[in-house]
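> Mind looking at a prediction? Sequence and model below.
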Amino acid sequence: MGPVNWLAVLLGALAFFAVGMVWYGALFGKVWQRESGMNDPRRQGGNPAVTFGLCFLLELVVSAMFGHNLARTVPPPHVVMMMAFGFGATLMVPAIGINYLFQRQSFTLFLIDAGHLVLGTLAMGGVFLALGY
């Protein structure tokens, strides 16, 4: 087992967060707000600093677990991206899919959120790969 690359963990979480900023901002912001019901005045408000801070903290947890898995397995470089894709597409996406089914969320919302998770974990994996995980 190799050591966890904590710089890659931090920067991987930042990459995941940056993908979300673009994804839910310029790319799909208006559609996501409509589909998620965030345009409803009852769902607006709150403290954005707390929301974004907790979001980053949760992405840091994902990145730390990814770094731990890489340190335990020390895979070849192409497998790093396969694992990153797997984290998003086969763990995170099915989890939100299960919740969205019971919450009766729209398929459009599912696709937007699922796309963010897959691209976010791929960006995170790219950082680990660039830093030699």
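Thanks, I have it. Numbering: from 1, shown residues only.
> taking the mean pLDDT, what do you get for the lengthiest helix in the chain?
Assignment by DSSP state H gives helix 48-73 as the longest helix of the chain. Per-region confidence: helix 48-73 scores 96 on mean pLDDT.
> do stretch 18-31 as well
Mean predicted confidence for stretch 18-31 is 97.
> and if you look at stretch 95-115?
On average, the pLDDT along stretch 95-115 is 97.
> Which strands and helices lie in contact with the very next helix or strand once past the longest helix of the chain?
Next along the chain after helix 48-73, taking DSSP states H and E as the criterion, comes helix 77-86. Here helix 77-86 touches helix 48-73, helix 107-130, going by 3 or more C-beta pairs under 8 Å, 6 or more residues apart in numbering; DSSP states H and E. (Glycine included, C-beta is placed from N, CA and C.)
> Now find how far off-centre the last one is within its chain.
Here helix 107-130 is found 5 Å from its chain centre; the criterion is C-alpha atoms, centre = their mean, to the nearest Å.
> what does it contact?
Applying C-beta atoms under 8 Å, 6 or more residues apart in numbering, the contact partners of helix 107-130 are 5, 8, 11-16, 18-20, 23-24, 28, 31-32, 35-36, 59, 62-63, 66-67, 70, 77, 80-81, 83-85, 87-89, 92-93, 96-97, 100.
> Type out the ChimeraX command that picks the buried ones from these.
Those of the contacts of helix 107-130 that count as buried under 16 or more other C-beta atoms under 10 Å are selected in ChimeraX with:
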select :5,8,11,12,13,14,15,16,19,20,23,24,28,32,35,36,59,62,63,66,67,70,80,81,83,84,87,88,92,93,96,100
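> could I have the helix or strand containing residue 22 exported to PDB, CA atoms only?
Element membership for residue 22 (DSSP H and E) is helix 6-22. Extracted C-alpha coordinates of helix 6-22, given in PDB (Å, rounded to 0.1, in the frame of the first residue of the first chain):
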ATOM      1  CA  TRP A   6      -3.300  14.400   0.100                       C
ATOM      2  CA  LEU A   7      -2.500  17.200  -2.300                       C
ATOM      3  CA  ALA A   8      -4.300  15.200  -5.000                       C
ATOM      4  CA  VAL A   9      -7.200  14.600  -2.600                       C
ATOM      5  CA  LEU A  10      -7.600  18.400  -2.000                       C
ATOM      6  CA  LEU A  11      -7.100  19.400  -5.700                       C
ATOM      7  CA  GLY A  12      -9.300  16.500  -6.900                       C
ATOM      8  CA  ALA A  13     -12.100  17.800  -4.700                       C
ATOM      9  CA  LEU A  14     -11.600  21.300  -6.000                       C
ATOM     10  CA  ALA A  15     -11.800  19.900  -9.600                       C
ATOM     11  CA  PHE A  16     -15.000  18.200  -8.700                       C
ATOM     12  CA  PHE A  17     -16.400  21.400  -7.200                       C
ATOM     13  CA  ALA A  18     -15.300  23.400 -10.300                       C
ATOM     14  CA  VAL A  19     -17.100  21.000 -12.600                       C
ATOM     15  CA  GLY A  20     -20.300  21.600 -10.500                       C
ATOM     16  CA  MET A  21     -19.900  25.400 -10.800                       C
ATOM     17  CA  VAL A  22     -19.800  25.300 -14.500                       C
END
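> Kind regards, and thank you for your time.
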